[in-house]
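Chemist: Fold the following, please.
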Amino acid sequence: MARGRRQNRYMKKLFILRGLPGVGKTEKANELWDKYARLGLKGEIFSTDRYHERSNYIKENFHRNHQQNREDVFKAMNRGVDPIIVDNTNISLWEMWPYIHMGIAQKNYDIRMVELPEGYPQKKISINKLYRRCHGNIPKRKFRSFEVRWEKADSIWHVLNDDYSKKRWKRSKEEWNVQ
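Modeler: Below is the predicted model of the structure:
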């Protein structure tokens with residue numbers, strides 16, 4: 001090993017949780033946060049739901065809410081937060097693309113996608129059960145829409161190299177999108 005170089009440099013963690021509402025993403029986020037807190041790390045959980053809750057789930061605010069969450073993750077990466085846990089549905093590849101792009105650009109984040117339930121969509125939870133877990137606040141038709149739109153993500157590179165995602169975000173003026 002060359003002098004002054006660390007071969008096994010510590011990589012910060014970026015977890016991107018994926019799954020339909022009610023599958024346990026928030027529980028998993030809290031579990032990950034607790035695990036790393038016990039190791040002395042001061043990670044943060046980022047969920048667009050907290051913005052949706054503030055705006056009473058008004059659909060017209062959803063785009064802005066997601067934009068704010070991406071901005072918060074970007075700022076957290078610049079502060080060196082470890083781990084960063086993104087707790088969103090992330091149904092489509094383009095929804096995960098900005099977070100993965102940010103993590104790659106930082107050059108010191110180990111990026112992990114976590115699908116819930118593990119093995120989805122082969123191992124899935126029934127819409128009726130998810131509906132009950134969400135206390136009937138999300139219409140069953142929305143769960144069906146999520147299932148239809150679900151895109152398989154084999155790896156972070158699969159997401160990062162997705163043509164639709166690259167085109168969709170190419171013109172974004174958001175601060176994180178430095179290309």
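Chemist: remind me, longest helix of the chain?
Modeler: helix 62-79 (DSSP state H).
Chemist: How about it, which residues are buried there?
Modeler: Asn65, His66, Gln67, Gln68, Asn69, Arg70, Asp72, Val73, Phe74, Ala76, Met77 (16 or more other Cβ atoms under 10 Å). C-beta: built from backbone N, CA, C; applies to glycine.
Chemist: How about stretch 20-28?
Modeler: Of the residues in stretch 20-28, Leu20, Pro21, Gly22, Val23, Lys25, Thr26, Lys28 count as buried by neighbour count, 16+ other Cβ under 10 Å.
Chemist: now swap in stretch 40-51 and tell me
Modeler: Gly43, Glu44, Ile45, Phe46, Ser47, Thr48, Asp49, Tyr51.
Chemist: and which of those is nearest to Asp87?
Modeler: Nearest to Asp87 among the buried residues of stretch 40-51: Ser47, at 4.0 Å, using Cβ to Cβ.
Chemist: got the CA positions of the helix or strand containing Thr26 in PDB?
Modeler: Per DSSP states H and E, Thr26 falls inside helix 25-38. Extracted in PDB, the C-alpha atoms of helix 25-38 (Å, rounded to 0.1, in the frame of the first residue of the first chain):
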ATOM      1  CA  LYS A  25     -40.700   0.900   5.700                       C
ATOM      2  CA  THR A  26     -40.900   3.300   8.700                       C
ATOM      3  CA  GLU A  27     -40.300   0.400  11.100                       C
ATOM      4  CA  LYS A  28     -37.300  -0.600   9.000                       C
ATOM      5  CA  ALA A  29     -36.000   2.900   8.900                       C
ATOM      6  CA  ASN A  30     -36.300   3.200  12.700                       C
ATOM      7  CA  GLU A  31     -34.600  -0.200  13.100                       C
ATOM      8  CA  LEU A  32     -31.700   0.900  10.900                       C
ATOM      9  CA  TRP A  33     -31.400   4.200  12.800                       C
ATOM     10  CA  ASP A  34     -31.300   2.400  16.100                       C
ATOM     11  CA  LYS A  35     -28.700   0.000  14.900                       C
ATOM     12  CA  TYR A  36     -26.300   2.700  13.800                       C
ATOM     13  CA  ALA A  37     -27.100   4.900  16.800                       C
ATOM     14  CA  ARG A  38     -25.900   2.100  19.100                       C
END
